[in-house]
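Student: coords please:
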Amino acid sequence: MSPLILMAMPEPSTREALVRAFASTGLRARLGDGMFDPLCWHQSLSDRYNNTGENLRLLLEAGSAVSAAPFLLGIDRLQSRAGRESIHWSLKPSRVPDEFAMLLQSLRNALAAKHLDELAGHTAHITISYRAPIKQATIRIPPVLWTIDEFMLVRGGGEPYRYEVLRRWKLSGKSEPASGQLDFFGGR
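Tutor: A predicted model of the protein is given here:
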């Protein structure tokens, strides 16, 4: 199955900086084949939906109704959590800007208006492994600033697994990225 999902993906230079930050931990070898391909690293913004013509239409309409401001997300730690059947490793921010919650709320409202239920809560993170061999204590990594100024509707699938971008939407509106940056670097 090729699910449909709304997400943000780091641009290549940010993705490369995130790969370098993770590599600095010296833990890459521990993941082996369990590392999620960096070309697929993303921030989930919605649940996964069945790839039907109706869901595609509704998701395109919902995405067009979103109103949110661009923002900075400062990724500065590696964290793991044990799920029901697997251990996930993620890159996360120490501080989540208010604009992230506002984007999620705008998306949730737009999806609800189209009767697309959102069952999962979404936290600020990029999963780098869905099947890590061990639970890892939280580790600081060199900070990487990611400007999230767009989100997209993608279809996942293929071998190797990739996300096909079906539509992109620019985030517009007023934001104060400098305030988030000051908080990230301890300026407040």
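Student: do you know the pLDDT at the closest residue to Phe151 other than its chain neighbours?
Tutor: Nearest residue to Phe151, sequence neighbours excluded (Cβ to Cβ, 6 or more residues apart in numbering): Ala8, at 4.9 Å. The C-beta positions use only the backbone N, C-alpha and C, and glycine is treated the same way. At Ala8, the pLDDT value in this model is 98.
Student: roughly how far does Ala8 sit from Glu150?
Tutor: 7 Å (Cβ to Cβ, to the nearest Å).
Student: let me see the contact set for Leu59.
Tutor: Leu4, Leu6, Ser46, Tyr49, Leu111, Lys114, Leu116, Leu153 (Cβ atoms under 8 Å, 6 or more residues apart in numbering).
Student: sorry, back to before: who has more neighbours, Ala8 and Glu150?
Tutor: Ala8 (19 against 14; other Cβ atoms under 10 Å).
Student: give me the beta-bridge partners of the more buried one?
Tutor: Gln43 (DSSP bridges).
Student: let's verify Val66: helix, strand, or coil?
Tutor: Three-state assignment for Val66 (DSSP: H, G, I helix; E, B strand; the rest coil): coil.
Student: what's the burial count for Ser13?
Tutor: By other Cβ under 10 Å, 9 other residues sit near Ser13.
Student: begin at 765 from here
Tutor: Sure, I'll start counting at 765 from here, so that last one is Ser777.
Student: let's see the pLDDT reported for it.
Tutor: 98.
Student: any idea which element it lies in?
Tutor: helix 776-787 (DSSP states H and E).
Student: same question, Leu917
Tutor: strand 914-921.
Student: same deal with Trp933?
Tutor: Trp933 belongs to strand 926-934, assigned by DSSP H and E.
Student: now the biggest helix by length in the chain: mean pLDDT?
Tutor: Taking DSSP state H as the criterion, the chain has its longest helix at helix 862-877. Throughout helix 862-877, pLDDT has a mean value of 96.
Student: for that helix, C-alpha coordinates in CSV please.
Tutor: Extracted in CSV, the C-alpha atoms of helix 862-877 (Å, rounded to 0.1, in the frame of the first residue of the first chain):
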residue,chain,number,x,y,z
ASP,A,862,4.7,27.9,19.4
GLU,A,863,4.4,28.0,15.6
PHE,A,864,4.8,24.3,15.4
ALA,A,865,1.6,23.8,17.5
MET,A,866,-0.2,26.4,15.5
LEU,A,867,0.7,24.6,12.2
LEU,A,868,-0.6,21.3,13.7
GLN,A,869,-3.8,22.9,14.9
SER,A,870,-4.4,24.5,11.5
LEU,A,871,-3.9,21.2,9.8
ARG,A,872,-6.1,19.4,12.3
ASN,A,873,-8.9,21.9,11.8
ALA,A,874,-8.6,21.6,8.0
LEU,A,875,-8.6,17.8,8.1
ALA,A,876,-11.6,17.8,10.5
ALA,A,877,-13.5,20.0,8.1
